[in-house]
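Peer 1: Have a look; sequence and predicted model below, questions after that.
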Amino acid sequence: MSDALVDALRRALGERGVLTSPEDRARFETGWRYGKGTARCIARPASTDEVATVLRLCDTHGARVVAQGANTGLVAASTPDAGGAMVVLSLERLNRTIDLDAHGRTVLVDGGVLLSQLNGALAPHGFWFPVDLGADPQIGGMVATNTGGTRLLKYGDVRHNLLGVEVVLGDGRVLTLLNTLRKNNTGLDAKHLFVGTTGVFGVVTRAVLAVAPLPKQRATALVGCTGGSAVLELLRTLEQGLGDVLSAFEVMSRNAIEPVFAHQPNLRRPWPELPAYSVLVEAATTLDGEDLDLAALLEKFLGAHLERAGDQVSDVLMARGDEFWQIRHHISESLRSEGKMLAFDVSVPRSRLPAFTDAVALLLQAEHPQVRLCDYGHWGDGGTHLNLVWREAQVADSAALVRTLQSRIYDLAVRDFAGSYSAEHGIGPHNQAFYDRYTDANVKALCRVLGGFCDPAGRLGTVRLGGERS
């Protein structure tokens, strides 16, 4: 059957620009962890003007649109719903511009450029974009979700490194805010409206990013801590003594890494008996080894801390290459091999992380003893991944248990510990109900006003930041 919108999109984008067959649509319709729907078609514009044309045509034909980057998100915000009427606007062809200003230490980049592609282009010039994570997202998606990553402690998140954006609004208007200035105190900095708002205010087609010099040295250690208070004391000591070079502080509980060695036989077990927490500490510097022996400095500093900490710290091990990062990066997949897993991405004030973790453990012990707490995360920035694991055979109704645990633990994080139910994964259909539950009514009202300007007909995305969509 003829589809007037699809025909119009084909005339605007060409045959390569529009995909309609189920086989071609499939990879755009299923998310990395959550989200599976059916698209009317996949529109693949290759320029800002073509993105604007797509959105104008969709507006004219009354079609809703979901913008999609590399589709690596974890909250189902980048896939269509099940209705078969949404257009997926993929930015994978908008990936040509990477324009480095080496003296300004900035780069202008298309929204569809992959993080790996950007860093590959920057490396020969001695730079990188230091928002570092296991996935390989597109830059536009990183802006839309305000990506954090494992080195936020040193470099900050996307918002911290974003200087300017170009955005196409819901009805096809183009908003150009491609500022390259680090200092510009002239009123509302409108680019922040599009950071972390999941693409429902507009589609990011270009961005100006601050880039960082590539480190010339990295040194990594693993520190065994007997409890959460020991972890916080280690963090405080490191920041006061090595704050200029401290780049990562990743905390892994015994329950989180024990399965790694069961399912990843090629990885070396660091200790015969694992401590309560294994803390991955990384230092990085742009200084040459002849100016500063970073590994020796880190080893000396941690050795002195070991002596002072007494029985709070069990041991310190220096890394061989990236072996400790390999342990960290294999946690999630190893836990999935243990049974049913429910993952929480939450944050609380970092001084309260031990108390929060203990509260979750007590809740599980009292109400759900069959559920095992396997926590790890970025304690340096207050983020933690609470992964809950159980055997399906031990639970009569896993779906009901998931609903109960989500409600109880999010309430604990947000209401009892002044935290967030989504530290870095963003807002999507997967957690829309919790946005609705916890977000202040005046914030929702403000979002309605902003949405009325940016996306007048409410056609963008599957997330509601200000109430029901029209």
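Peer 2: That came through, no problem.
Peer 1: Could you check the pLDDT of the closest residue to Leu353 other than its chain neighbours?
Peer 2: The spatially closest residue to Leu353, leaving aside those adjacent along the chain, is Trp379, at 5.7 Å (CB to CB, 6 or more residues apart in numbering). No exception for glycine: its C-beta is placed from N, CA and C like everyone else's. We note a pLDDT of 93 for Trp379 in this prediction.
Peer 1: what does whichever strand or helix holds Ala296 contact?
Peer 2: The secondary structure element spanning Ala296 is helix 294-309 (assigned by DSSP states H and E). For helix 294-309, the external contacting residues (CB atoms under 8 Å, 6 or more residues apart in numbering) are 217-219, 221, 223, 230, 233-234, 237-238, 241-242, 245, 281, 283-285, 287, 313, 315-316, 318.
Peer 1: Strands - which of those land there?
Peer 2: Counting by DSSP state E, the part of these found in strands is 217-219, 221, 223, 281, 283-285, 313, 315-316, 318.
Peer 1: Throw those residues into CSV and include neighbour count, distance to Phe434 and pLDDT, thanks.
Peer 2: Formatted as CSV, the entries for the ones in strands among the contacts of helix 294-309 read as follows, by neighbours: other CB atoms under 10 Å; distance: CB to CB, whole Å; pLDDT from 0 to 100:
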residue, neighbour count, distance to Phe434, pLDDT
Gln217, 18, 42, 96
Arg218, 19, 37, 96
Ala219, 20, 39, 96
Ala221, 20, 37, 97
Val223, 25, 34, 97
Val281, 26, 33, 97
Ala283, 24, 36, 97
Ala284, 21, 35, 97
Thr285, 19, 40, 97
Val313, 22, 37, 95
Asp315, 13, 39, 94
Val316, 20, 39, 95
Met318, 15, 41, 95
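Peer 1: Which one of those is nearest to His103?
Peer 2: Of all these, Thr285 has the smallest distance to His103: 22.0 Å, by CB to CB.
Peer 1: Tell me what the closest one is bridged to.
Peer 2: Residues in a beta bridge with Thr285, per DSSP bridges, are Gln217.
Peer 1: thought it was touching Leu214?
Peer 2: No - applying CB atoms under 8 Å, one finds Thr285 not in contact with Leu214, separated by 10.9 Å.
Peer 1: check contacts around Asp416.
Peer 2: Applying CB under 8 Å, 6+ apart to Asp416 gives the contacts Ala359.
Peer 1: Which residue ranges make up the domains of the protein?
Peer 2: Following automatic domain parsing, the chain resolves into domains at 4-90, 98-213, 217-329, 339-416.
Peer 1: mind putting these in CSV, distance to Gly426 included?
Peer 2: Conversion of these to CSV gives the following (distance: least, CB to CB, whole Å):
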stretch, distance to Gly426
domain 4-90, 6
domain 98-213, 4
domain 217-329, 21
domain 339-416, 9
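Peer 1: Among the ones you listed, which comes closest to Asp455?
Peer 2: With respect to Asp455, and counting by CB to CB, the nearest of those is domain 98-213 at 3.0 Å.
Peer 1: Between its first and last residues, what's the separation in that closest one?
Peer 2: From its first residue to its last, domain 98-213 covers 17 Å (CA to CA, to the nearest Å).
Peer 1: Stretch 289-300 too?
Peer 2: For stretch 289-300, by CA to CA, the gap between its terminal residues amounts to 16 Å.
Peer 1: again with stretch 63-82
Peer 2: Length of stretch 63-82, first residue to last, CA to CA: 14 Å.
Peer 1: Equivalent analysis for stretch 311-327, please.
Peer 2: With CA to CA as the measure, stretch 311-327 spans 24 Å from end to end.
Peer 1: in that stretch, what's buried?
Peer 2: Counting neighbours by 16 or more other CB atoms under 10 Å, one finds that the buried residues in stretch 311-327 are Gln312, Val313, Ser314, Val316, Leu317, Ala319, Phe324, Trp325, Ile327.
Peer 1: For Ala39, state which of those is nearest.
Peer 2: Using CB to CB, Trp325 is the member of the buried residues of stretch 311-327 that sits closest to Ala39, with 36.6 Å.
Peer 1: does that closest one count as helix, strand or coil?
Peer 2: Trp325 falls in the helix class when you classify it by DSSP: H, G, I helix; E, B strand; the rest coil.
Peer 1: Does it touch Leu280 like I think?
Peer 2: Yes - here Trp325 reaches Leu280: they are 7.0 Å apart, a contact under CB under 8 Å.
Peer 1: which residues do the two both contact?
Peer 2: Thr220.
Peer 1: Okay, helices next: where are they in the stretch 101-250 of the chain?
Peer 2: 115-122, 139-145, 152-155, 158-161, 228-242 (DSSP state H, counting those that start in this stretch).
Peer 1: neighbouring contacts of the fourth one?
Peer 2: Spelled out, that is helix 158-161. Contacts with helix 158-161, where a contact means CB under 8 Å, 6+ apart, come from 129-131, 142-143, 145-148, 155, 192, 195-196, 209-211.
Peer 1: For that helix, buried residues please.
Peer 2: Buried residues in helix 158-161, counting neighbours by 16+ other CB under 10 Å, are found at Val158, Asn161.
Peer 1: Distance from the chain centre to that helix, please.
Peer 2: Distance, stretch centre to chain centre, for helix 158-161: 13 Å (CA atoms, centre = their mean, to the nearest Å).
Peer 1: What of the first one?
Peer 2: Its chain's C-alpha centre lies 18 Å from the corresponding centre of helix 115-122 when counted by CA atoms, centre = their mean.
Peer 1: cool, stretch 446-458 as well?
Peer 2: Using CA atoms, centre = their mean, we find the averaged C-alpha position of stretch 446-458 to lie 25 Å away from the chain's own average C-alpha position.
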